[in-house]
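Peer 1: quick check, what structure comes out for this input:
(2 chains)
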Amino acid sequence: MLVVLVVTYVAAVVFVAAVVARVVKYATTPIHLRWELYPVPHEKGRAAWGGSIFEELEWWKKPRRLDRIGELRQMLAEIALLKGVWHHNRKLWFFSFPFHLGLYLLIGWLLLLLVAGILINTGTALRGTVGDVFSWLVYLSGYGGLGLLILGALGLLLRRVFDGGIRRYSSPAEYINLLFILAVAVVALIAQATTDPGFGRLAGYLASVIGFSRPRPLPTLLAVEVVAGALLVAYIPLTRMAHFVAKYFLYHDVRWADEPNTRGGRIEGQLKQVFAYRLNWSARHIQQGKSWAEVGTNLQGVEEVKK
Amino acid sequence: MKRARKPQEVRPQDIGLDAKQLVDLDFDKLPPLPPPYEDWRDEPIKPLSEAKLAAADTSLDGFIGLKVASPASEQEKERAAGKFLDGLQKLFSREDNWTFLQPWLLAMESCVRCNTCADACPIFESSGRAEIYRPLFRAEVIRRLAQKNRSGLGRALARFTGANGMEVNWPLLARLAELAYRCTLCRRCAQHCPMGVDNGLVTREIRKLFSQELGWSPAELHDDGTMKQLTVGSSTGINRKALDDILEFAEEDIEDRTGMKIKIPVDREGADILIMHNAGEFLSWPENLEAFAILFELAGLSWTISGDLVGYDSVNYGLFYDDVQYTRVTLKHAEVARKLGVKKVVMGECGHAHKAFMATGDRMWIEQCNIPRESALTLMEDLVCNEKIMVDPRRNDFPVTLHDPCNIARSMGIVMPQRNILKKIAPRFREMEPHGVDNYCCGGGSGFAIMQSNNFPDWRMRISGRKKFAQILNAFQDCIGPETNKYVCAPCSNCKGQIRDLLTYYQAWDRCHILYGGLVELIVNAMVDVKEGFLEWEFH
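Peer 2: Sure, this is the predicted structure:
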């Protein structure tokens, strides 16, 4: 059991560290040129047709009217329902949606089991209707999540194999990722159904994990499920499957990033810093080693090439 | 030496294949066009001369856009490969690529290869789905090269990530550089991507790498584009003397057309408005410049154009291929506006200039140079819709459809002003489908409209512009015959150039009487204070 426990802790640490590293990597990149793409859902009163404040006469004199509710609605539709896939790639949606819904349910399931673990550690019992609802939620999210994940992963895998347009661009990593998820989900389903149908043993194990106490031995199949699940959790943020991190930045820092630069404002301060960066591009027309501000305003490089 | 691959079977790892030509496009399999072009047969493409074939690499698809010069020696090939790998590293550097590091990094690391982008791309679709034009194809090539060459771990995992077949050899370099000029950077693929990955930006970064590190860029964009603009004053070659002549001609032409005597103001310090035109208008469509002059004068606006170096040409081709050149041109524009002390800069009908000044330029014009900038479309909407000028829509009683320039609509969210104007002045206005932010590129975006050398126009007419031509025909199906004059309104100089070439190539003036032009010409044509008939139904 010690191995299972160590793997669980290591996986949790790797997951958190890798996600944090990704967030830090993307969040600490310098300011970039505006590169938004419309429609931008927080454009109040204009998002329906993809309009922006640039449609206003002398827009800089007008207050920026932001629709944060509209943005939130768009985000929820994108995250929960995969709205973009539904609109632009319907065939994919029929597999991608159950796959992602399965993942969301399993995240919910894990959180419920952690709550159960806390309840165990604190000696609290849920009784009556609350206890029944809690149990049903665990059942639904656990078995529902696993079932949907298997269905979705299998569909995505088959699509990748049989659609030439996708197959040509798929690396071994793409197949391995899907197979890994599929294998873990199948093992988990079998392990739970045969050794721990009510999830009690798993909840007990998680209680030990969060309480830093020695867990009770698990049946072999359940131990395999825990190890495989932990390895998957550690593996995901090291791969492209961590696109949930990137997607936040792609939408909020690029696609919807339409905050204008004002004199003396925060953005201008950041721009002054990047204009001082020295560039090393080596084509003839570029003055290598000079700053962006120098290269941009001094046309010596252009004149030398023209001579 | 291997034979060309079938266009639908090429894979990213094939790009470096030892083959005379990677693909041979089958022009008989292009999607059909709407009536009356169901039976349209393209003329066979004239083969390139031996001299042209010897001067440039055609090993991608047989076409020359960038014109990669064939290397003189093995050492030159090796040097190019080394520089390419250096440039690849620089794309990931804060100092060298602060301009786009974050979106580039995210595009490199987040694509899940779902291929949603493919069906959004008019070039991929119009080519009969030739794999090399699939948005994912070129993005995947550079992704795999980056994975393999950026770190030891990447090299170790190359078999796992699919990058093991990618060797930086001469065929790969020549084809990838050329392939970066088979996408118009319209960003429709990015708009459709559920992740938000921008394969248009990836294409632009590939162009940038080749330009900023190897000095490879199309002559029309660099030598005759930004370099000429920065030294002569305009990419058209117009210097100050020529500008004065052009303005004098325009003033005379205004008088001939309308009987009005208008003096176009140049370098009027402290004017409210500095209007920035694409200088291409001066040479190809002077009526656009003249219409703006008439409109502004009759509306009583305080305005000027600049006579300063670079100041009278709003183009900034750096936006298409090179951040350093982009920076130089945009900072020069900003300096011109600051010196004149104008209250605002108004962008004439040029899509990429809109973006270069107002969107990307928003993070270039700082401190004293941060002069407010706005679109002529919003200014004209105010004049027309708030009845600051009087119009008679009956003067525009012919079918009109609107082309949305990608840079104005999808990249800047300017969608309604042009429609509000058209609803007021053009009673038979009808939309193309799709339109607005979902529009299709004209096929001449990102500099293609001015890339007129070798056999590139053959490719541009048959493939990149095919979708737009089909859209134009579809918009006019109820009156497609030559007995009805029809007007494609394209408020963008580059788009107009491309649409002119399309209508010429497909003989659409003769066969369907479809004319094209800007928006301001339609407004002036409808103005009651201007003599009737400003719009001339002559194709040019």
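Peer 1: going forward, measure contacts between C-alpha atoms and count neighbours the same way
Peer 2: Fine.
Peer 1: nearest to chain A: which residue in the stretch 251-400 of chain B?
Peer 2: B:R328 (4.3 Å; Cα to the nearest Cα).
Peer 1: how close does that residue sit to B:P372?
Peer 2: According to Cα to Cα, to the nearest Å, B:R328 stands 19 Å off from B:P372.
Peer 1: what do you get for B:I273?
Peer 2: Separation of B:I273 from B:P372 (Cα to Cα): 10 Å.
Peer 1: and A:V6, by the same measure?
Peer 2: A:V6 is 60 Å from B:P372, by Cα to Cα.
Peer 1: and if you look at B:R204?
Peer 2: With Cα to Cα as the criterion, B:R204 and B:P372 are 27 Å apart.
Peer 1: which residues touch B:F469?
Peer 2: Residues in contact with B:F469 (Cα atoms under 8 Å, 6 or more residues apart in numbering or on different chains) are B:499, B:502-503.
Peer 1: which of those tops the neighbour count?
Peer 2: B:I499 (28 neighbours; other Cα atoms under 10 Å in any protein chain shown).
Peer 1: wait, isn't that one in contact with B:G517?
Peer 2: No: applying Cα atoms under 8 Å as the test, B:I499 and B:G517 come out as separate, 9.1 Å apart.
Peer 1: still on that earlier bit, more neighbours: which of B:R328 and B:P372?
Peer 2: Counted by other Cα under 10 Å, B:R328 and B:P372 do not tie: B:R328 has more neighbours, with 24 against 20.
Peer 1: without its sequence neighbours, what residue ends up closest to that one?
Peer 2: Spatial nearest neighbour of B:R328, excluding adjacent residues (Cα to Cα, 6 or more residues apart in numbering or on different chains): A:G296 at 4.3 Å.
Peer 1: was I right about the one you found contacting B:T327?
Peer 2: Yes: between A:G296 and B:T327 there is a contact at 5.3 Å, judged by Cα under 8 Å.
Peer 1: just the pLDDT at residue 41, thanks.
Peer 2: Picked chain A for this. Note on A:P41: pLDDT of 97.
Peer 1: oops, I was thinking of chain B
Peer 2: With respect to pLDDT, B:R41 scores 90.
Peer 1: I'd like to know how far it sits from chain A.
Peer 2: Distance of B:R41 to chain A, given as Cα to the nearest Cα, to the nearest Å: 29 Å.
Peer 1: burial of that residue, as a residue count?
Peer 2: B:R41 has 11 neighbouring residues, counting by other Cα under 10 Å.
Peer 1: report the contact partners of residue 98.
Peer 2: Using chain A. A:148-149, A:151-152.
Peer 1: other chain: chain B
Peer 2: Shown in contact with B:W98 (Cα under 8 Å, 6+ apart): A:29-32, A:274.
Peer 1: which residues touch the residue nearest to B:R328?
Peer 2: Contacts here follow Cα under 8 Å, 6+ apart; on that basis A:G296 touches B:324-325, B:327-329, B:331.
Peer 1: can I get those in CSV with secondary structure?
Peer 2: As requested, these are arranged in CSV below (DSSP: H, G, I helix; E, B strand; the rest coil):
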residue, secondary structure
B:V324, helix
B:Q325, helix
B:T327, helix
B:R328, helix
B:V329, helix
B:L331, helix
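Peer 1: in the chain, where is pLDDT below threshold?
Peer 2: Assuming you mean chain A. Within chain A, the ranges that satisfy pLDDT under 70 run A:300-301, A:303-307.
Peer 1: was after chain B, sorry
Peer 2: B:1-5.
Peer 1: how is it partitioned into domains?
Peer 2: Using automatic domain parsing, the domains assigned to chain B come out as B:12-214, B:222-380, B:385-526.
Peer 1: now do the same end-to-end measure for the first one.
Peer 2: Put plainly, it is domain B:12-214. Domain B:12-214 has an end-to-end distance of 22 Å (Cα to Cα).
Peer 1: quickly find the element holding B:Y516.
Peer 2: Assessed by DSSP states H and E, B:Y516 sits inside strand B:514-517.
Peer 1: now that strand, how far from the centre of its chain.
Peer 2: Centroid separation for strand B:514-517 versus its chain: 18 Å, with Cα atoms, centre = their mean, to the nearest Å.
Peer 1: residue boundaries of the strands in the stretch 351-500 of chain B?
Peer 2: B:373-375, B:400-402, B:429-430, B:486-489 (DSSP state E, counting those that start in this stretch).
Peer 1: ok so, going back, closest one of the contacts of B:W98 to B:N525?
Peer 2: The closest of the contacts of B:W98 to B:N525 turns out to be A:H32 (Cα to Cα; 42.1 Å).
Peer 1: confirm that closest one sits in a helix?
Peer 2: No: according to three-state DSSP, A:H32 belongs to no helix; its state is coil.
Peer 1: what about it, neighbour count?
Peer 2: Considering only other Cα under 10 Å, A:H32 is surrounded by 20 other residues.
Peer 1: so A:P217 sits in a helix?
Peer 2: No: with three-state DSSP as the criterion, A:P217 is coil rather than part of a helix.
Peer 1: that one against A:M1, yeah?
Peer 2: Yes: counting by Cα under 8 Å, A:P217 does reach A:M1; the two are 6.1 Å apart.
Peer 1: closest one of the contacts of B:W98 to chain B?
Peer 2: Closest approach to chain B among the contacts of B:W98 (Cα to the nearest Cα): A:H32, at 4.5 Å.
Peer 1: out of the contacts of B:F469, who's nearest chain A?
Peer 2: Set against chain A, the nearest of these by Cα to the nearest Cα is B:I499 (23.9 Å).
Peer 1: let me see the contact set for the closest one.
Peer 2: By Cα under 8 Å, 6+ apart, B:I499 lies in contact with B:442, B:469, B:516.
Peer 1: so it versus A:V133, what's the distance?
Peer 2: 64 Å.
Peer 1: before we move on, what about B:C512?
Peer 2: The spacing between B:C512 and A:V133, counted by Cα to Cα, is 69 Å.
Peer 1: show me which of these two is the more surrounded one.
Peer 2: Set side by side, B:C512 and A:V133 show more neighbours around B:C512, with 21 against 13, by other Cα under 10 Å.
Peer 1: figure out how far stretch B:311-320 is from the centre of its chain.
Peer 2: The chain centroid and the centroid of stretch B:311-320 are separated by 11 Å under Cα atoms, centre = their mean.
Peer 1: export only the CA atoms of it, formatted as CSV.
Peer 2: Extracted in CSV, the C-alpha atoms of stretch B:311-320 (Å, rounded to 0.1, in the frame of the first residue of the first chain):
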residue,chain,number,x,y,z
GLY,B,311,2.7,60.2,-44.2
TYR,B,312,0.7,60.1,-47.4
ASP,B,313,0.6,56.4,-47.7
SER,B,314,-1.2,54.5,-45.0
VAL,B,315,-0.1,51.0,-46.1
ASN,B,316,2.1,49.0,-43.8
TYR,B,317,3.1,45.8,-45.4
GLY,B,318,5.2,45.0,-42.4
LEU,B,319,1.9,43.8,-40.8
PHE,B,320,2.0,40.9,-43.3
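Peer 1: contact partners of it?
Peer 2: Residues from elsewhere that reach stretch B:311-320 (Cα under 8 Å, 6+ apart): B:204, B:221-222, B:225-226, B:229, B:233-235, B:276-279, B:305-306, B:324-327, B:329-330, B:332-333, B:336-337, B:347, B:350, B:352-353, B:356, B:446-447.
Peer 1: quick one: buried ones out of those residues?
Peer 2: Buried members of those, scored by 16 or more other Cα atoms under 10 Å in any protein chain shown, are B:204, B:221-222, B:225-226, B:229, B:233-235, B:276-279, B:305-306, B:324-327, B:329-330, B:332-333, B:336-337, B:347, B:350, B:352-353, B:356, B:446-447.
Peer 1: out of these, which are inside helices?
Peer 2: Among the buried ones among the contacts of stretch B:311-320, the residues falling in helices (DSSP state H) are B:204, B:229, B:324-327, B:329-330, B:332-333, B:336-337, B:352-353.
Peer 1: closest one of those residues to A:V224?
Peer 2: The closest of those, once distances to A:V224 are taken by Cα to Cα, is B:R204, at 47.5 Å.
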